[in-house]
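Visitor: sequence and predicted structure, then a few things I'm wondering about:
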Amino acid sequence: MLLRIMCFGLLLAAAVLIRVPFAAAEDACTDCHKSLREERLNRPAFKIKDDYHVARGLGCHSCHGGDQTALDNKAQAHSPAKGFLGKPKRYAIPESCGRCHSDPNFMRSFNPSIRTDQVKEYYSSVHGKKLREGDQKVAVCTSCHDVHAIRAVKDQMAWTYPTNVAETCGGCHGNAEYMKPYKIATDQLEKYKQSVHYEMLTKRADLASPTCSSCHGSHGAAPPGVDSVANVCSHCHVVTADLFAKSPHKSAFDELGMPACVTCHSNHDITQPSDAMLGGGEDTPCATCHESDSAPLKKAAELRTMIGGLSSRIDQATAILTRAEHAGMEIGSPRFELLTAQESLIKARAATHSLDMEQIKTATDAGSIVAQKSLESGQGLLAEVQFRRKGLAASMLIIVAVLVGLFLKIREVDRRGRPD
Ligand code: HEC
Ligand code: HEC
Ligand code: HEC
Ligand code: HEC
Ligand code: HEC
Ligand code: HEC
Ligand code: HEC
Ligand code: HEC
Ligand code: HEC
């Protein structure tokens, strides 16, 4: 026991001793820069504690060069002989980060699986190409990663963390004033925030749901062209994309030069689809290409009837089962059965992309039979509730009648027994 306590004490002392040099390891650069008055000069020294590079043992000199041991000696610390590089110009930032990030041997000594193609990819993007042409407004590495507080991409506070990316890109792309010299829209962020993808990502914490960089890439950020637009969505919506690829629309859209998914769903403000989209009315996607009274629009209306029918039957069954449940009936099994009908509905909605009427009808018919059965089970349960209630009411009536009779009898006996 005593030995254990002594060991523990020793460990504690060692821990304290080991910590000391760490605390003192603050280098000359950080030390002096913290003391400088000008915010531009002291901010880096205060921000750097959140920087992943520091966590990996790097420091100011790793990026800026210079002598980090030259305490209180600016001339020596900033000496070009010690490799001091100063502040990189904006156009030189990618190369400055690339000194390490494009060097596989160096980077893999820290992390064997880290990519080292960011700079190469970057120069293939619209951002990188324009920077080379002398445009200083495009994003450089530090526009998306911050500077002096560059966090690991897995860090939830990182500007590059999925839930933060939209604001990072939107900082420029949503700023009409900043983007004035360009001919592109500045509504992507605003629209994206109305999308089902944004809702899934931020409110339901579904990290599989895309943000700007999932569709555009981060380093090779470019708008996917017409050819690849379908592929962007297909990457994640595999089943839907498959159904679409087998439909007659596939070749028809190709011929028209229309992108597959975004023609009907848009790109940034993709809202929750609904059966109403199949209505064939003026504001539905089908009506943008098909004339009213055309055969395809009639088929669209037919699809809506089939799917709408199944959907409302499921709603009815659900409502009745809920009423039965509130009345105290056991509804576990019919509710479980209803799930099969819901699956059929999901299948049918997806299958609209195939335009295969037979396949869709098979799904809605199968679902409707199940929903009808659940509806009838619910009705049966409600009838039983009614029956029980009526039985209860009848027995209550009898009991009340008997009690009233008894009361009258007792009163009569009472009155008779009383002396006049
Ligand atoms: C003794 C104080 C002192 C030390 C030590 C020091 N600096 Fe500085 N640093 C300054 C001052 C003051 C400036 C403002 C510009 C100037 O006077 O050169 C500055 C400016 C800078 C700039 C901005 C240059 C520009 O072009 O705007 C960078 C980058 C920088 N220092 C990095 C470093 C690094 C890296 C180290 C360590 C290797 C370091 N400094 C050590 C005092 C110091
Ligand atoms: C991961 C690389 C990296 C590290 C580490 C780093 N810097 Fe920088 N620093 C940069 C880059 C890139 C810029 C240019 C930023 C820009 O132009 O937006 C810069 C700019 C500066 C500036 C000029 C700020 C201004 O607004 O003009 C100073 C001063 C500076 N750094 C000091 C430091 C000090 C002190 C440290 C350590 C505490 C440090 N830096 C660590 C990359 C780095
Ligand atoms: C337009 C925004 C943007 C620019 C510009 C940008 N990045 Fe990134 N970077 C991201 C995002 C977002 C991620 C998160 C992972 C992903 O989506 O690829 C990332 C991830 C990274 C990673 C983690 C490893 C990896 O590749 O996934 C490194 C390292 C990196 N970036 C370095 C750089 C360097 C160096 C530059 C400049 C040449 C740069 N980034 C320019 C947005 C950007
Ligand atoms: C002195 C070499 C060096 C320089 C210069 C440098 N980095 Fe790094 N960077 C590293 C190392 C080493 C890591 C840690 C890699 C690891 O352990 O996964 C790293 C990590 C990162 C990460 C986190 C990657 C992840 O997996 O989450 C980002 C983002 C990043 N650097 C961006 C930049 C940017 C932007 C610049 C330029 C402003 C830059 N780096 C300059 C060496 C450097
Ligand atoms: C520092 C500001 C800035 C940031 C941050 C930024 N961009 Fe850009 N981006 C620009 C500018 C400026 C252009 C050039 C616009 C042009 O030439 O039409 C551009 C061009 C683009 C283009 C090509 C548009 C076209 O059709 O020409 C895409 C796509 C793009 N950015 C996506 C992104 C994404 C995605 C992010 C975030 C991961 C991002 N950008 C972050 C400033 C920025
Ligand atoms: C679900 C995928 C997806 C997401 C998420 C997404 N985009 Fe796009 N974006 C596209 C597609 C597809 C296009 C091409 C539109 C076309 O060619 O008709 C595009 C076009 C663009 C353009 C070119 C100009 C324009 O408006 O047509 C910019 C800039 C852009 N997006 C920025 C962003 C930004 C910033 C975000 C995040 C706030 C974002 N995008 C999110 C798919 C997406
Ligand atoms: C990075 C993966 C990814 C990309 C790329 C992507 N999505 Fe999504 N999408 C999701 C996730 C995850 C959800 C939410 C879960 C679900 O309902 O499947 C979703 C939801 C949807 C929904 C709502 C579905 C529903 O039933 O609520 C539609 C419509 C949609 N996406 C269309 C598109 C279109 C069109 C594109 C291309 C412009 C696209 N998506 C690109 C992952 C992606
Ligand atoms: C981008 C234009 C476009 C949009 C939007 C569009 N279609 Fe079509 N559709 C076509 C073209 C082109 C054809 C092939 C020529 C034809 O049969 O009219 C076609 C064919 C069809 C066919 C006949 C397929 C067969 O059996 O040969 C049906 C059914 C159909 N579309 C239904 C719809 C429905 C439902 C919608 C809305 C959800 C819709 N379309 C939206 C362009 C479009
Ligand atoms: C011709 C127009 C049209 C095209 C093209 C189209 N969709 Fe749809 N999409 C619809 C309609 C209409 C609905 C709603 C069906 C319903 O709810 O009854 C829908 C629903 C969806 C849903 C939700 C239902 C489900 O299937 O889970 C997703 C996800 C979806 N579409 C993704 C895509 C993707 C990915 C592409 C490209 C491969 C695409 N859509 C192409 C019209 C279209």
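Guide: That came through fine. Residues are numbered from 1 along each chain as shown. Ligands and ions are numbered 1, 2, ... in the order given.
Visitor: for the closest residue to ligand 3 within the stretch 201-350 of the chain, give its distance to ligand 9.
Guide: Distances between the stretch 201-350 of the chain and ligand 3 by CB to the nearest ligand atom are smallest at Ser218, namely 3.4 Å. C-beta: built from backbone N, CA, C; applies to glycine. Relative to ligand 9, Ser218 is positioned 22 Å away (CB to the nearest ligand atom, to the nearest Å).
Visitor: that residue is in what secondary structure piece?
Guide: Counting by DSSP states H and E, no helix or strand carries Ser218.
Visitor: contacting residues for Thr263?
Guide: Shown in contact with Thr263 (CB atoms under 8 Å, 6 or more residues apart in numbering): 253, 285, 288.
Visitor: burial count for the first one?
Guide: Residue crowding around Phe253 was assessed by other CB atoms under 10 Å; the count is 20.
Visitor: which helices and strands does the helix or strand harbouring His33 pack with?
Guide: Here His33 sits within helix 28-35, counting by DSSP H and E. Packing partners of helix 28-35 (3 or more CB pairs under 8 Å, 6 or more residues apart in numbering; DSSP states H and E): helix 39-47, helix 60-64, helix 74-77.
Visitor: just name the most buried of the ones you listed.
Guide: Among the helices and strands packed on helix 28-35, helix 60-64 has the highest mean neighbour count (mean count of other CB atoms under 10 Å), at a mean of 19.
Visitor: before we move on, the earlier item: helices - which of the contacts of Thr263 land there?
Guide: Using DSSP state H, Phe253 are the members of those that sit in helices.
Visitor: in the helix holding His33, what's buried?
Guide: For helix 28-35, the neighbour count (16 or more other CB atoms under 10 Å) marks 28-30, 32-33 as buried.
Visitor: quick check, pLDDT for Asp283.
Guide: For Asp283, the pLDDT comes out at 82.
Visitor: got a list of what it touches?
Guide: Contacts for Asp283 (CB under 8 Å, 6+ apart) come out as none.
Visitor: any idea how far ligand 6 is from it?
Guide: Computed with CB to the nearest ligand atom, the distance linking Asp283 and ligand 6 is 19 Å.
Visitor: check Ser109 too.
Guide: Distance, Ser109 to ligand 6, using CB to the nearest ligand atom: 35 Å.
Visitor: go on, Cys144?
Guide: On the measure of CB to the nearest ligand atom, Cys144 and ligand 6 end up 11 Å apart.
Visitor: Gly59 now?
Guide: Gly59 is 34 Å from ligand 6, where distance means CB to the nearest ligand atom.
Visitor: do Val119 as well
Guide: For Val119, the distance to ligand 6 - CB to the nearest ligand atom - is 22 Å.
Visitor: again with Thr202
Guide: Noted for Thr202: a distance of 12 Å to ligand 6, by CB to the nearest ligand atom.
Visitor: from what I see, that residue and Thr163 are in contact.
Guide: Yes - using CB atoms under 8 Å, Thr202 makes contact with Thr163 at a distance of 5.7 Å.
Visitor: hmm, back to that, filter the buried residues of helix 28-35 down to the ones close to ligand 1.
Guide: Residues of those in contact with ligand 1 (CB under 6 Å from any ligand atom): 28-29, 32-33.
Visitor: tell me who's in contact with Ser79.
Guide: 66-67, 70.
Visitor: try 10 Å
Guide: By CB atoms under 10 Å, 6 or more residues apart in numbering, Ser79 lies in contact with 65-67, 70, 73.
Visitor: nearest to Ala260, of these?
Guide: Using CB to CB, Gly65 is the member of the contacts of Ser79 that sits closest to Ala260, with 50.6 Å.
Visitor: what is the distance between the longest helix anywhere in the chain and the centre of its chain?
Guide: As assigned by DSSP H, the longest helix anywhere in the chain is helix 357-417. Mean-position distance between helix 357-417 and its chain equals 48 Å (CA atoms, centre = their mean, to the nearest Å).
Visitor: with stretch 235-254 instead?
Guide: Worked out by CA atoms, centre = their mean, stretch 235-254 lies 23 Å from the chain centre.
Visitor: sorry, back to before: would you turn the ones next to ligand 1 among the buried residues of helix 28-35 into CSV with distance to ligand 7?
Guide: Formatted as CSV, those follow (distance: CB to the nearest ligand atom, whole Å):
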residue, distance to ligand 7
Ala28, 46
Cys29, 41
Cys32, 46
His33, 41
